[in-house]
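J.: mind looking at a prediction? Sequence and model below.
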Amino acid sequence: QKEVEQNSGPLSVPEGAIASLNCTYSDRGSQSFFWYRQYSGKSPELIMSIYSNGDKEDGRFTAQLNKASQYVSLLIRDSQPSDSATYLCAVYPNQAGTALIFGKGTTLSVSS
Amino acid sequence: GAVVSQHPSWVICKSGTSVKIECRSLDFQATTMFWYRQFPKQSLMLMATSNEGSKATYEQGVEKDKFLINHASLTLSTLTVTSAHPEDSSFYICSARPRYMGNQPQHFGDGTRLSIL
C-alpha cells in the first residue's frame, strides 16, 4: 500500500513567522511531488510542484525534496492569516496513469 | 491555463433522485479524470478513475452501479449519483490530468456540494 504521511496538526504560527510543513512517502520510485492548499469548504488548489532533489522557491513558498530520505517539505515565509488552510502533500506513484496519492493534510493556523 | 470546470456547484434534492455532475477541462485534453468525495473535516477520498472511451475504474468499496461515470470525450466526464440518499450527501470534486503531459499535476474543479433531503 503506497502511502503519504503528514502530521495532521494543527500547526499554529504567528503572523510573519515561517511555517514548516513535512511529508514522507513510501513509494521509492515516485518522481513527482506536489503541494496543494485547501481552504475550508473549497477544492484543492495547486501551489507547488517539485521533481528533483533540492529546493524550489516560488514567492513566499519553498518546496524541498530529498528522495533518498523519501521526504518532502513546504516552507511558507512571512506567514499571513490568509495562509490558514489545510496543506495537502501529493505524490504520483511509480505507475503510469494513476491518481495522485494524497496525505491527510496538515492544518495551518496563522494568528495575527 | 489548466482550468477544470465543474457543474453544478451546489445541489439540493429529495431522496431517491438521481443527480448528474459534469466535469470539463476547458483548455486542455484529459484522457484521465478522477472523482473524489470529501466529508466534512475528512480527507479526500478517491472514488474512481475515469478514462476516455472506456469503463471507469472504481476504488474498493465504491458502488459502481450507484456512482455512474461516463467519460465520452477528452474534455468531459460525468458522475451520476443514482437514487441518492442522505448518506450520499457530500462534497464531490473532479480532477483532470493533462493528456501527454507526463508528470504534470492534477487540476481540480471547484467541487459540487450535494445535499440529499
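T.: Happy to help now that I have it. Numbering: from 1, shown residues only, chains lettered A, B, ... in the order given.
J.: quick one: contacts for the residue lying closest to residue B:7 once chain neighbours are set aside?
T.: Nearest in space to residue B:7, with sequence neighbours left out and distances taken as C-beta to C-beta, 6 or more residues apart in numbering or on different chains, is residue B:22 at 4.9 Å. C-betas here are computed from N, CA, C, even on glycine. Neighbouring residues of residue B:22 by C-beta atoms under 8 Å, 6 or more residues apart in numbering or on different chains: B:6-7, B:76-78.
J.: spell out which parts of chain A neighbour chain B.
T.: Taking C-beta under 8 Å from any C-beta of the partner chain as the criterion, the neighbours of chain B within chain A are A:31-32, A:34, A:36, A:41-46, A:49, A:51, A:88, A:90, A:92, A:97-100, A:102-105.
J.: now those residues: which count as buried?
T.: A:32, A:34, A:36, A:43-44, A:46, A:49, A:88, A:90, A:92, A:98-100, A:102-105 (16 or more other C-beta atoms under 10 Å in any protein chain shown).
J.: tell me the residue of chain B that sits nearest chain A?
T.: residue B:103 (3.8 Å; C-beta to the nearest C-beta).
J.: since we're on that residue, how many residues are nearby?
T.: Residue B:103 has 14 neighbours, counted by other C-beta atoms under 10 Å in any protein chain shown.
J.: without its sequence neighbours, what residue ends up closest to it?
T.: Counting by C-beta to C-beta, 6+ apart, the residue nearest residue B:103 is residue A:32, at 3.8 Å.
J.: a strand runs through residue B:72, doesn't it?
T.: Yes: counting by DSSP: H, G, I helix; E, B strand; the rest coil, residue B:72 falls inside a strand.
J.: which residues touch it?
T.: B:52-53, B:78.
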